[in-house]
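S.K.: Predicted model and sequence below, questions to follow.
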Amino acid sequence: MFSKTVVVLLMVVPAISLAQPASPLVLKKSHGAFCHLCEDLIKDGKEAGDVALDVWLDEEIGSRCKDFGVLASECFKELKVAEHDIWEAIDQEIPEDKTCKEAKLC
């Protein structure tokens with residue numbers, strides 16, 4: 001029923017679509033989608049003063065990641081992985097750019 005050309009096209013078109021580069025949303029870490037958020041968390045944490053840092057950081061990560069819409073769950077996951085590094089940077093006055101790069105968020 002189908003000609004050979006149609007059959008070949010049906011096989012090639014999906015293969016071509018799979019070979020396309022991934023969306024920047026998928027490659028978020030290499031594009032630094034959460035870089036400024038990481039840096040801002042550290043800056044704001046240093047300015048927060050005498051607070052329970054672990055509770056503050058947990059609340060801030062949750063509320064700030066909500067602003068990322070479809071990437072909110074990815075944001076939350078990536079920042080939770082880096083949470084200890086962020087906490088340490090705030091507590092020990094480590095530069096935010098260094099910490100976020102080492103956590104591979106920038």
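M.R.: Now that the structure is in, tell me what you want to look at.
S.K.: contacting residues around Asp58?
M.R.: Going by Cβ atoms under 8 Å, 6 or more residues apart in numbering, Asp58 touches Glu83. Bear in mind the C-beta positions are built from the backbone N, C-alpha and C, glycine included.
S.K.: quick one: which helix or strand includes it?
M.R.: Following DSSP states H and E, one finds Asp58 within helix 53-65.
S.K.: Show the average pLDDT along that helix.
M.R.: In this model, helix 53-65 has a mean pLDDT of 92.
S.K.: Quick one: name whatever helix or strand follows it.
M.R.: With DSSP H and E, the next secondary element past helix 53-65 is helix 72-92.
S.K.: which other residues reach that following helix?
M.R.: Residues external to helix 72-92 that are found in contact with it (Cβ under 8 Å, 6+ apart): 28-29, 33-34, 37-38, 41-42, 45-46, 53-54, 57-58, 61-62, 64-66, 68, 94-96, 98-100, 102-103, 105.
S.K.: now the angle from that helix to helix 53-65?
M.R.: Orientation check (axes from the mean of the first three to the mean of the last three Cα atoms, to 10 degrees): helix 72-92 against helix 53-65 gives 140 degrees.
S.K.: mean confidence for helix 72-92?
M.R.: Averaging pLDDT along helix 72-92 yields 93.
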